[in-house]
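# Just to be clear, the model below is a prediction. Sequence and coordinates:
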Amino acid sequence: MIRPPSRSVTRFFIPLIDVLILLFCIFLLMPFVGQPDASGDADATDAAPPTPAELKQKLLDAELKLAQAAAELDRLQAAAASPANRVRVRVLEIDAATGKLFAFDPDSADARQEVRDQSDAQRLIDQGRRTAKGKDVFFLLLYPRVRSGFPEQPQIEAYRRWFQEVPHGFDNPWGQSGTVKP
């Protein structure tokens, strides 16, 4: 006849499992516990406190590193900025009845200003660069939204010539829209 053992096997394994869980937890916490300094704590108590000159030099070094880090952060933020934040778009409209080019200036008494020639275009380019505050300026020329036969090809050529030194493009809902980079 088979008889159960007089001592239970579980009386041995339960404490063993507890010890193994404890060792595993210690193993998990090991990366969070820092290594002691090479000099040890005894040397730190024997060392003389730093002089005010040394503390001032450490402070200056820390301020210099902070300034360098701030400059690096600004540079990286500027580099990582989206194109929408780096470019200011200036919209110009081509009149459907005449094919003339108009710019809108909400700060002016007459909000719609005609761009008659190269000098007006240059004035508009200079104004756009001043108000862009460090951003690139892109001039978008909108074709009329109704078919009218305007602008004619000589007018388009003149507009391209006027804005040839700056990034510009044409938004033509009836055909090809071109973007020109200088």
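Great, that's in hand. Computed from a predicted structure; not experimentally measured. Residues are numbered from 1 along each chain as shown.

# for this structure, which spans come out with low pLDDT?
4-5, 36-46, 106, 109, 176-182 (pLDDT under 70).

# Helices of that one, start to end?
10-29, 40-46, 52-80, 83-86, 118-131, 153-162 (DSSP state H).

# I'd like those as TSV, with mean neighbour count and distance to Phe104 appended.
The C-beta positions use only the backbone N, C-alpha and C, and glycine is treated the same way. As requested, the helices of the chain are exported to TSV (neighbours: other CB atoms under 10 Å; distance: least, CB to CB, whole Å):
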stretch	mean neighbour count	distance to Phe104
helix 10-29	10	65
helix 40-46	8	70
helix 52-80	10	29
helix 83-86	10	20
helix 118-131	15	11
helix 153-162	14	16
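
# Turn these into CSV, including distance to Gly175.
Below are the helices of the chain laid out as CSV (distance: least, CB to CB, whole Å):
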stretch, distance to Gly175
helix 10-29, 67
helix 40-46, 78
helix 52-80, 36
helix 83-86, 25
helix 118-131, 23
helix 153-162, 11
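
# I'd like to know which of those helices lies nearest to Lys100.
Lys100 lies closest to helix 153-162 among the helices of the chain, at 8.0 Å (CB to CB).

# how much does that closest one deviate in direction from helix 118-131?
Helix 153-162 and helix 118-131 are oriented at 40 degrees to each other (axes from the mean of the first three to the mean of the last three CA atoms, to 10 degrees).

# correct me, but Leu140 touches Val87?
No - the pair Leu140 / Val87 is not scored as a contact, 10.6 Å apart, by CB atoms under 8 Å.
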